[in-house]
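Asks: Mind folding the following:
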Amino acid sequence: MDEEQKIIELKKKINHDDFRRQEKEIKDQTRQKKFAAPIKKKRKLNIINFIFVIFVFYFAYTAFNQYQMLNELNNEIDEKMLVKAEVEKQVTELKDDVEKMNDEDALFELVEKIARDQYKMVKPNETIYIDKNKNDNKLIQGIGFEEELQNE
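Replies: Numbering: from 1, shown residues only. Just a heads-up that it's a prediction; the model follows:
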């Protein structure tokens with residue numbers, strides 16, 4: 001019986017060893033599954049992060065372009081305001097000229113001013129002195145207007 005008991009004990013050990021091996025294999029498989037699962041999640045997470053980064057870059061690009069467009073439009077508005085101011089100034093001058101045309105004395109002064117400035121006319125018995133040393137003076141040479149001299 002001793003031998004039979006030894007055989008039984010050996011069978012139990014063998015069964016027990018088989019059981020331990022199977023248990024170990026199952027634990028290894030579960031560990032591998034645990035380690036494998038986060039990798040898949042990381043891949044999904046990486047794809048989501050990649051899409052998010054692309055979205056952020058697209059948003060930044062769009063915002064930058066819109067900022068540039070707004071600056072250009074504001075510059076155009078400023079230019080148009082300057083033009084508008086100049087036109088309004090001309091309008092007021094023309095309104096003043098129209099008012100002067102209704103008054104005969106003012107009309108005469110306006111016609112005289114235009115004749116003297118633009119056409120270089122003088123009154124009878126009026127003497128004009130010309131300094132010939134001033135070669136740069138366009139008005140003397142007859143190719144300029146008083147307004148141009150004031151601007152220079």
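Asks: so which strand or helix has the residue most central in space within the chain?
Replies: In the chain, the residue lying closest to the centroid (Cα atoms, centre = their mean) is residue 68, at 1.2 Å. Per DSSP states H and E: residue 68 is located in helix 2-102.
Asks: Please parse this protein into its domains.
Replies: Taking automatic domain parsing as the domain assignment, the ranges for the chain are 1-83, 103-147.
Asks: remind me which residues of this structure are low pLDDT?
Replies: Of all residues in the chain, those with pLDDT under 70 make up the ranges 1, 3, 6-8, 10-12, 14-17, 19, 36-44, 130-152.
Asks: repeat that with 90
Replies: Scanning the chain for pLDDT under 90 picks out the ranges 1-50, 93-152.
Asks: So which elements touch the helix or strand just after the helix holding residue 68?
Replies: Downstream of helix 2-102, the first helix or strand assigned by DSSP H and E is helix 104-119. Counting contacts by 3 or more Cβ pairs under 8 Å, 6 or more residues apart in numbering; DSSP states H and E, helix 104-119 packs against helix 2-102. The way it works is simple: take the backbone N, C-alpha and C, and place the C-beta from them, glycine included.
Asks: who does the helix it packs on touch, helix- and strand-wise?
Replies: helix 104-119.
Asks: what's the angle between the helix it packs on and helix 2-102?
Replies: 110 degrees (axes from the mean of the first three to the mean of the last three Cα atoms, to 10 degrees).
Asks: Kindly export helix 104-119 (C-alpha atoms) in PDB.
Replies: Extracted in PDB, the C-alpha atoms of helix 104-119 (Å, rounded to 0.1, in the frame of the first residue of the first chain):
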ATOM      1  CA  GLU A 104     -21.100 140.800 -57.300                       C
ATOM      2  CA  ASP A 105     -18.100 142.200 -55.300                       C
ATOM      3  CA  ALA A 106     -17.100 138.700 -54.100                       C
ATOM      4  CA  LEU A 107     -17.500 137.400 -57.600                       C
ATOM      5  CA  PHE A 108     -15.200 140.000 -59.000                       C
ATOM      6  CA  GLU A 109     -12.600 139.200 -56.300                       C
ATOM      7  CA  LEU A 110     -12.900 135.500 -57.200                       C
ATOM      8  CA  VAL A 111     -12.400 136.100 -60.900                       C
ATOM      9  CA  GLU A 112      -9.500 138.400 -60.200                       C
ATOM     10  CA  LYS A 113      -7.900 135.800 -58.000                       C
ATOM     11  CA  ILE A 114      -8.300 133.100 -60.700                       C
ATOM     12  CA  ALA A 115      -6.900 135.400 -63.400                       C
ATOM     13  CA  ARG A 116      -3.800 136.300 -61.300                       C
ATOM     14  CA  ASP A 117      -3.100 132.800 -60.000                       C
ATOM     15  CA  GLN A 118      -3.800 130.600 -62.900                       C
ATOM     16  CA  TYR A 119      -3.300 132.900 -65.900                       C
END
